[in-house]
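Q: Prediction below, plus the sequence it came from.
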Amino acid sequence: MKRSLAVIVSVFMSVLLLISLSGCGATKKAPSSNATPEKKKIGIVQIVEHPSLNTIRESFVQQLEKEGFKDGQNVIIDYQNAQGDQTNLKTICQKFANNKYDLIVAIATPSAQAAVGETKEIPIVFSACTDPLGSGLVSNMERPGQNVTGTSDAVSAEKIMELAKRITPNIKTIGALYNSSETNSISVINNLKEYARKNGMTVVEATVTNSSEVQQATSSLVGKVDAIFSPIDNTVASAMPVVAQVANKAKIPVYVGADSMVKDGGLATYGINYKVLGQETAKMAAEILNGKKAGDIPVKTISDVDIYINQDTAKAIGITIPEDVLREAAQVFGE
Ligand code: TRP
């Protein structure tokens, strides 16, 4: 009798020990499902498919995961592409606003302008907007106020033209190829005109309103210009292979605003690293998801620029890239 009592007591003690070790005691209940915080909803809106914007989006999502926000796990990421159409942009941003998303990530200026037009409450992080002030996204870069902040890829037309002169020194007339409704392009083109005026060059404009006009606009410059300049323009970037085809045939060098436009056939640029820009955008998004106010975070301009060259294009138009330029280049495409 005594023996069996001892057995019972020891079994009882071991059960108690097991319960406390496994952390499943009555006082430590697993959280019930309705106590689990709801997943925050992040809407990503992108104006169009082109390599640079895709790079930004992919590196954004990767970095956001490193910051602790993983799609499907503790956040839901809803990615929408407007296929270059303004009406689609508005519909997408309205949907994000009506469904009370927790954060909107707008890739490129037209998307950011659409998002800002739809909500003054939901935080918006814009990505790769060349001229956030001139585009009316913020009125102060240091303290944006309101619900908007983001990253900028401001470039200098002057710097790109200095590079152009090192490669093809005899530029007298330059063709400006861009979409006149992209405010991100306007400020860079103004910078180009200023540079041309100071350096005795003439600018010939060829503007487009959508990517189907790019071929015609490029052709209109043939015979009139010594080189073509295209800023960080989404419309031109999405039709860059067409630009290269026309310009290469006419043996005109094309200087552009972004590395991906060089990869897609442009001759050269001084451009920023868009993977880094995507990562910086994600860090801002994480700060906001963790409770910071968007308007308290300064706009971040990525200003480290590198030289990008396309050797296939150089060959196609029959020019030799100077050795010192090649040595300085961060990346040489082709060959
Ligand atoms: N800077 C552009 C804007 O403000 C977006 C952009 C990022 C872009 N990378 C690019 C455009 C490369 C053309 C090519 O909208």
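A: Ah, there it is.
Q: Can you tell me which residues in the stretch 101-250 of the chain are near the ligand?
A: For the stretch 101-250 of the chain, the residues in contact with the ligand (Cβ under 6 Å from any ligand atom) are Ala108, Thr109, Ala128, Cys129, Thr130, Asp153, Asn184, Ile232, Asp233, Asn234, Ala237. C-beta: built from backbone N, CA, C; applies to glycine.
Q: I'd assumed Asn184 was in contact with the fourth one.
A: Spelled out, that is Cys129. Yes. Applying Cβ atoms under 8 Å, one finds Cys129 in contact with Asn184, separated by 6.3 Å.
Q: so what sits against both of the two?
A: Counting by Cβ atoms under 8 Å, 6 or more residues apart in numbering, the residues touching both Cys129 and Asn184 are Ala108, Thr109, Ser135.
Q: Show me the contact partners of stretch 161-176.
A: Contact with stretch 161-176 is made by 189, 192-193, 195-196, 199-206, 221, 224-230, 252-253, 255, 267-270, 307, 319, 321-322, 324-325, as judged by Cβ under 8 Å, 6+ apart.
Q: Quick one: residues in contact with stretch 246-254.
A: With Cβ under 8 Å, 6+ apart as the test, stretch 246-254 has contacts from 164, 167-168, 175, 215, 218-219, 221-223, 225-230, 243-244, 265-268, 313, 316-319.
Q: Over to stretch 198-207?
A: Stretch 198-207 is contacted from outside by 161, 171-180, 189, 192-193, 195-196, 217-218, 220-221, 224-225, using Cβ under 8 Å, 6+ apart.
Q: which of those are buried?
A: 161, 171, 174-179, 189, 192-193, 195-196, 217-218, 220-221, 225 (16 or more other Cβ atoms under 10 Å).
Q: Just the ones of the residues you listed in strands?
A: Within the buried ones among the contacts of stretch 198-207, residues falling in strands by DSSP state E are Ile174, Gly175, Ala176, Leu177, Tyr178, Asn179.
Q: about what we covered before: need the buried ones from the contacts of stretch 161-176 selected in PyMOL.
A: Burial among these is assessed by 16+ other Cβ under 10 Å; the matching PyMOL selection reads:
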select buried, resi 189+192+193+195+196+201+203+206+221+225+226+227+228+229+230+252+253+255+267+268+269+270+307+321
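Q: Number of residues surrounding Ile160?
A: 26 (other Cβ atoms under 10 Å).
Q: pretty sure it is touching Met261, no?
A: No. If you go by Cβ under 8 Å, Ile160 and Met261 don't touch, sitting 11.1 Å apart.
Q: tell me which residues in stretch 280-294 are buried?
A: If you call a residue buried by 16+ other Cβ under 10 Å, then stretch 280-294 has these buried ones: Glu280, Thr281, Ala282, Lys283, Met284, Ala285, Ala286, Glu287, Ile288, Leu289, Ala294.
Q: which residues sit against that stretch?
A: Residues beyond stretch 280-294 that count as contacts (Cβ under 8 Å, 6+ apart) turn out to be 40, 42, 56, 59-64, 66-69, 75, 102-103, 105, 123-125, 127-128, 144, 146-151, 297, 300, 302.
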